[in-house]
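[1] no sequence on hand, only this structure:
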């Protein structure tokens, strides 16, 4: 009574150029800069700076790396907020303790900046 029923559509294989165009388009969309990333604020000068203490256990074992912190500075130059963007949690703690003591030059408005600390085991 009822036999097998199927609808077959011809499937065209995409050429290598079509795949290259599709991958390029995906890459451009995925890595396009956002409008917020374009609004860079000028870096404010630091008028008082405290260095981060390198934890001795990490230094002895050769554990280092870069810590990135997002910092909000008020108009008077005081650090209001510090948020870790990346890095080893123990090193982040040390860097955060240091940057909270920093003082920046006054400005008309608050400023958002990113601060980096490089912890290199071989250096004193």
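    Okay, I see it. Everything numeric here is computed off the predicted structure, so don't read it as measured data. Residues are numbered from 1 along each chain as shown.
[2] burial measure for residue 71, as a count.
    Residue 71 has 21 neighbouring residues, counting by other Cβ atoms under 10 Å. Glycine gets a C-beta too; all of them are placed from N, C-alpha and C.
[3] sorry, slip of the keys, the one I care about is residue 84.
    16.
[4] tell me the SS of it?
    At residue 84 the chain is in strand, as set by DSSP: H, G, I helix; E, B strand; the rest coil.
[5] now do the contacts for it.
    By Cβ atoms under 8 Å, 6 or more residues apart in numbering, the contact set of residue 84 is 67-70, 92, 96.
[6] which of those lies closest to residue 118?
    Distance to residue 118, by Cβ to Cβ, is smallest for residue 67 among the contacts of residue 84, at 8.1 Å.
[7] the closest one in helix, strand or coil?
    Assignment for residue 67 (three-state DSSP): strand.
[8] just the pLDDT for the closest residue to it other than its chain neighbours.
    Residue nearest to residue 67 in three dimensions, not counting chain neighbours: residue 87, with 3.4 Å by Cβ to Cβ, 6 or more residues apart in numbering. pLDDT for residue 87: 94.
[9] report how many residues lie close to residue 87.
    Count around residue 87 with other Cβ under 10 Å applied: 20.
[10] what sits against it?
    Counting by Cβ under 8 Å, 6+ apart, the residues that residue 87 touches are 65-68, 95, 117.
[11] endpoint to endpoint, stretch 47-59 covers what distance?
    End-to-end span of stretch 47-59 (Cα to Cα, to the nearest Å): 28 Å.
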